[in-house]
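In: sequence first, predicted coordinates after that:
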Amino acid sequence: MIAHVLRPGPVHLLRLATGDDVYQEITRYVTDSGIRVATVNALGAVRRASLRYYDQSAKRYEDLVIDEPLEVVAAVGNVSLLDGAPFLHLHAAFSAEDGRGFGGHVNDGTIVFALEVHIAQLDGEPPVRLPDDCTGLTLWG
Ligand code: ZN
């Protein structure tokens, strides 16, 4: 296990605009605001979801698009550094009109209907993502 101890910093509350790309817009905000480490959560609704599922055996992502209006039941994520830049890692659970549930790693192409985002910035040395041979992922070093 690896632990990083940080202190609470400013909290940013955002309302994304209809039509925004969830992943790109939050990434743009944290980059423009100089946020290097944070926790993120969000709720609302999207017009479509573009998700990824990590195949642990093949060590690669499988892409999945749910092309219908969905509630964002909960989104949770964090910001840390990858290759010297802020990197958003975001997962979300969604529900459809009939209550079906979907979820996964949020990718480019998830389009906002209405979304409230809570970014809790942290003060201290940001974790840095490094390649991990065991999982094939970039994980906190
Ligand atoms: Zn993920």
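Out: Here it is on my side, so go on.
In: make sure I have this right: Val65 is in a strand.
Out: Yes. According to DSSP: H, G, I helix; E, B strand; the rest coil, Val65 belongs to a strand.
In: ok, now which ones touch the closest residue in space to it that isn't next to it in sequence?
Out: Excluding its sequence neighbours, the residue lying closest to Val65 (C-beta to C-beta, 6 or more residues apart in numbering) is Ser50, at 5.2 Å. In this view, the C-beta of every residue, glycine as well, is placed from N, C-alpha and C. Ser50 sits next to 63-65, 106-110 when contact means C-beta atoms under 8 Å, 6 or more residues apart in numbering.
In: and the residue sitting furthest away from the middle of the chain, how far is that from Glu62?
Out: For the chain, the largest distance from the centre (C-alpha atoms, centre = their mean) belongs to Asp98, which lies 25.1 Å off. Using C-beta to C-beta, to the nearest Å, Asp98 is found at 24 Å from Glu62.
In: parallel or antiparallel, which strands does the strand ranked longest in the chain pair with?
Out: What stands out as the longest strand in the chain, according to DSSP state E, is strand 38-55. When pairing is defined by DSSP bridges, strand 38-55 lines up against strand 60-66 (antiparallel), strand 70-82 (antiparallel), strand 101-106 (antiparallel), strand 111-123 (antiparallel).
In: now the helix or strand where His89 lies and strand 60-66, what's the angle there?
Out: According to DSSP states H and E, His89 maps onto strand 85-95. Angle, strand 85-95 to strand 60-66, by axes from the mean of the first three to the mean of the last three C-alpha atoms, to 10 degrees: 50 degrees.
In: which parts of strand 85-95 are buried?
Out: Within strand 85-95, the residues scored as buried using 16 or more other C-beta atoms under 10 Å are 86-90, 92, 94.
In: what of stretch 2-21?
Out: By 16+ other C-beta under 10 Å, the buried positions in stretch 2-21 come out as 12, 14, 16, 20-21.
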